[in-house]
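# sequence? don't have it. structure:
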């Protein structure tokens, strides 16, 4: 006796495609995947970038450790296995957001190279933009207002990235932000310039109003 | 020694809100949650409705058993526990899509009332539209081209809703579609009329082009 399994599942070819949704949004679906230590500035830069994209009329969304850890992954902890499952679920969700024609910005420590490469492999070519938010652990610890680094150093938090758990920096990220040397707004502007350069968003000059043909 | 837990997580107040994204999209974020037996027509009506919404310039996405079972929930089976976890994860993802200002259409059997009520409780008031796709099991079995009903009846598939697993119809769904009596396009048009009536989408007459103020 078999369970209802993969053989019983088939892809339904929808009537509206990603290309259709992208035509409506006037930009491509993509993910800007921020990676870096806790308090390196990932969330701040992600939200700032979203702000600039929204001002350019882009359909965006920020996923971060906080809103995902409280919901989709509320059953997971911080062991290496749970971190991998955490990133796996996020990756599958991000894939659907990208397919929906959204520019998703994710702010997860995502310390393991193999997990990030797994995400990249799920996303269509050129739509995964890895942004390494580089910052010395000392600076991160100084910035941290929640006292997490201090508690981690005191041994009160286990599996804390950069202190008691590893962080593997990317080898070839699309962008590196030195967050101890540039401001969030400078970083965000560089990210927008990159997205324009690779054609994910259009330059404001060439943009026509979104619903020109309707009215 | 404590793991990094809920106390270390705080909500980051983003710069762009759901209301901002909704202003851009010119409609509300919401979920149209289809429920009903396998082969009752959920996916067909969901995709047809998406098509009509897209023609009205809405930002939409269809989540169904197929694209989610292959990805986010590929580790889950069809036992009552796994079905609950499946719907829990979908609900958390839907919550984020709605927050992104998207109209999500979901086509899952979602047989248990308590699971559907859980989803409703996660979504802002008025943004969860439950659509019961009602169809006699005999009609579903006749429509089914994959032979799943036949195999389920032969005892080759266990936990099959309507045959060897229960289906609990909703008590007060926002809409009921009798899919043995109306076509997908008729059903979809009724859904759009409902979305307009409750203010999730606007009537085409009052809509201004989406990016009127830009250019």
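Right, received. Where do you want to start? Just so you know, these numbers come straight off a predicted model, no measurement behind them. Residues are numbered from 1 along each chain as shown, chains lettered A, B, ... in the order given.

# Name the surrounding residues that touch the longest helix along chain A.
Longest helix in chain A, counting residues (DSSP state H): helix A:80-99. By CB atoms under 8 Å, 6 or more residues apart in numbering or on different chains, the surrounding residues in contact with helix A:80-99 are A:18, A:29-31, A:33, A:61, A:63, A:68-69, A:72-73, A:76, A:104, A:106, A:108, A:110-112, A:115-116, A:118-119, A:122-124, A:127, A:159, A:165, B:61, B:63, B:67-68, B:71-72, B:74, B:89, B:93, B:96-97, B:100. Any C-beta I mention is one placed from the backbone N, CA and C, and that applies to glycine too.

# how big is the angle separating that helix from helix B:80-99?
50 degrees (axes from the mean of the first three to the mean of the last three CA atoms, to 10 degrees).

# what mean pLDDT would you report for helix A:80-99?
Mean pLDDT, helix A:80-99: 93.

# What strands line up against the helix or strand following that helix, and which way round?
The element immediately downstream of helix A:80-99 (helix or strand, assigned by DSSP states H and E) is strand A:103-107. Strand pairing for strand A:103-107, determined by DSSP bridges: strand A:30-35 (parallel), strand A:60-64 (parallel).

# from the chain's centre, how far out does the shortest one sit?
Pointing back at strand A:60-64 there. 7 Å (CA atoms, centre = their mean, to the nearest Å).

# Touching that strand from outside, list them.
The contact list for strand A:60-64, computed with CB under 8 Å, 6+ apart, reads A:42-43, A:46-47, A:50, A:53-54, A:90, A:93-94, A:97, A:102-108, B:12, B:14, B:16, B:21, B:96, B:99-100.

# In contact with residue A:194, which residues?
Residues in contact with residue A:194 (CB under 8 Å, 6+ apart) are A:129, A:174-175.

# swap in residue A:15?
Contacts of residue A:15 (CB under 8 Å, 6+ apart): B:47-48, B:50-51.

# Okay, and which of these map to helices?
The members of these that map onto helices under DSSP H are B:47-48, B:50-51.

# ok, of the contacts of helix A:80-99, which come out buried?
A:18, A:29-31, A:33, A:61, A:63, A:68-69, A:72-73, A:76, A:104, A:106, A:108, A:110-112, A:115-116, A:119, A:123, A:127, A:159, A:165, B:61, B:63, B:67-68, B:71-72, B:89, B:93, B:96-97, B:100 (16 or more other CB atoms under 10 Å in any protein chain shown).

# buried set for stretch A:125-137?
Buried-residue list, stretch A:125-137, by 16+ other CB under 10 Å: A:127-135, A:137.

# quick one: that stretch to chain centroid distance?
With CA atoms, centre = their mean, you get 9 Å for stretch A:125-137.

# now the strands for chain A?
With strands called from DSSP state E, chain A shows them at A:2-3, A:30-35, A:60-64, A:103-107, A:128-134, A:157-158, A:175-178.

# what residue lies at the spatial centre of chain A?
The residue lying closest to the centre of chain A (CA atoms, centre = their mean) is residue A:106, at 2.1 Å.

# What separation do you get for that one and chain B?
As defined by CB to the nearest CB, to the nearest Å, residue A:106 lies at a distance of 12 Å from chain B.

# Now that residue: closest residue in space, sequence neighbours ignored.
Leaving aside its chain neighbours, residue A:106 sits nearest to residue A:63 (4.7 Å; criterion: CB to CB, 6 or more residues apart in numbering or on different chains).

# For the nearest residue to residue A:18 once chain neighbours are set aside, give its distance to residue A:22.
With sequence-adjacent residues excluded and distances taken as CB to CB, 6+ apart, residue A:18 is closest to residue A:99, at 5.2 Å. Using CB to CB, to the nearest Å, one gets 10 Å for the distance from residue A:99 to residue A:22.

# Mutual contacts of the two, please.
Taking CB under 8 Å, 6+ apart as the contact rule, residue A:99 and residue A:22 both touch residue A:29.

# quick one: residue A:198 and residue A:128 touch, right?
No: Residue A:198 is beyond contact range of residue A:128, at 11.2 Å (criterion: CB atoms under 8 Å).

# Throw the buried residues of stretch A:125-137 into a markdown table and include pLDDT, thanks.
A markdown table is the format used below for the buried residues of stretch A:125-137 (pLDDT from 0 to 100):
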| residue | pLDDT |
| --- | --- |
| A:127 | 97 |
| A:128 | 98 |
| A:129 | 98 |
| A:130 | 98 |
| A:131 | 98 |
| A:132 | 98 |
| A:133 | 98 |
| A:134 | 97 |
| A:135 | 96 |
| A:137 | 94 |
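
# Specify which member of these is nearest to chain B.
Checking the buried residues of stretch A:125-137 against chain B by CB to the nearest CB gives residue A:133 as the nearest, at 14.6 Å.

# residues near the residue nearest to that closest one when sequence neighbours are not counted, how many?
Leaving aside its sequence neighbours, residue A:133 sits nearest to residue A:36 (CB to CB, 6+ apart; 3.4 Å). By the measure other CB atoms under 10 Å in any protein chain shown, the count of residues near residue A:36 is 28.

# just the one 3 residues further on next, same as before
Here the number of neighbours of residue A:39 (other CB under 10 Å) works out to 22.

# Show me the shaky parts of chain A.
Within chain A, the stretches with pLDDT under 70 are A:1-14, A:206-215.

# Helices of that one, residue ranges please.
Remark: helices assigned in chain A by DSSP H are A:18-25, A:42-55, A:65-69, A:80-99, A:113-122, A:137-143, A:148-153, A:184-197.
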